[in-house]
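*Asks:* Structure of the sequence below:
(chains A and B)
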Amino acid sequence: MQTLIEAIVCALLLVGSAFTLIGAIGLVRLPDFYMRLHGPTKSTTLGVGGVVLASVVYFSAHNNFASLHEVLIPAFLFLTAPISAHMLTKAGIQQRVAVSSVTRGRPPVTGASAGGERAQDANPDDEPAREA
Amino acid sequence: MLAIVIPVSFAILGLAFLLTLVRLVRGPSLPDRLVALDTLNINAIALIVVYGIMLRSTVFFEIALLIAVMGFVATVAFTKYLQRGDIIELN
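*Replies:* Sure, this is the predicted structure:
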């Protein structure tokens, strides 16, 4: 029984760490700010969920009662990761970060600077010419 | 088994930490650096939870939860400052 629980804890730890590493690799290697957001907000959050689940299983077996209060951490992270990602995307649109040509879609033109010459770049009519 | 897996997990998480630091230093724009800071927060939570498993102590749960809350508030404040030039707009 103890060996089984230890195996479960080990597997959850390795899977969680691997997901965190995948998120970090995505953060480094992807070409674009809008693409780079996907790594941390999805993969890394899931990795922390796996690590905390390992902790829950370990301490539940160790103390002989369900230590479910640790689930608060991934619950809070799963709630806040989309919110922070949304606000980061809005900040990126505001700052007009560089957009790779591989990224699907174009960020909307914000109101304060919509009259500039870059507003014509975001015109959907000339998008096929830019992507060709 | 756990005595082997915990150092391996520490190594993987530390590698993720280093890669995120690379993006924090290199990031061409300010929002890139903000994403890197947010990821550093989440990586720190994972490291602290693994450290708690290693020491068989439950006090690290509160630290991890506090870092999660503070990290979210910090990210929201930074993005608010980037967008509006101000964090708490009184008028």
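
*Asks:* Spatially central residue in chain B, please.
*Replies:* In chain B, the centroid-proximal residue (CA atoms, centre = their mean) is B:Asn41; its distance is 1.0 Å.

*Asks:* give the contact list for the closest residue in space to it that isn't next to it in sequence.
*Replies:* Leaving out its chain neighbours, the residue that sits closest to B:Asn41 by CB to CB, 6 or more residues apart in numbering or on different chains is B:Gly71, at 3.3 Å. (Each C-beta comes from the backbone N, C-alpha and C, glycine too.) Applying CB atoms under 8 Å, 6 or more residues apart in numbering or on different chains to B:Gly71 gives the contacts B:Asp38, B:Asn41, B:Ile42, B:Ile45.

*Asks:* Can you give me the distance of the last one to A:Ile5?
*Replies:* It refers to B:Ile45. Applying CB to CB, to the nearest Å, the value for B:Ile45 to A:Ile5 is 23 Å.

*Asks:* In terms of neighbours, single out the busier of those two.
*Replies:* Ranked by neighbour count (other CB atoms under 10 Å in any protein chain shown), B:Ile45 and A:Ile5 place B:Ile45 first, with 28 against 15.

*Asks:* wait, the more buried one sits on B:Leu66?
*Replies:* No. Contact between B:Ile45 and B:Leu66 fails when scored by CB atoms under 8 Å: they sit 9.8 Å apart.

*Asks:* Tell me where chain A is predicted with low confidence.
*Replies:* Residues of chain A that meet the criterion pLDDT under 70 lie in A:110-132.

*Asks:* Okay, helices next: where are they in it?
*Replies:* For chain A, helices defined by DSSP state H occupy the ranges A:2-29, A:33-36, A:38, A:45-63, A:72-95, A:127-131.

*Asks:* Give me the contacts around the third one.
*Replies:* Same thing as helix A:38. Where contact means CB under 8 Å, 6+ apart, the residues beyond helix A:38 that reach it are A:Gly26, A:Leu30.

*Asks:* Please list all residues in contact with the residue nearest the centre of chain A.
*Replies:* Residue closest to the average C-alpha location in chain A (CA atoms, centre = their mean): A:Thr41, at 1.3 Å. By CB under 8 Å, 6+ apart, the contact list for A:Thr41 reads A:Ala81, A:Pro82, A:Ser84, A:Ala85.
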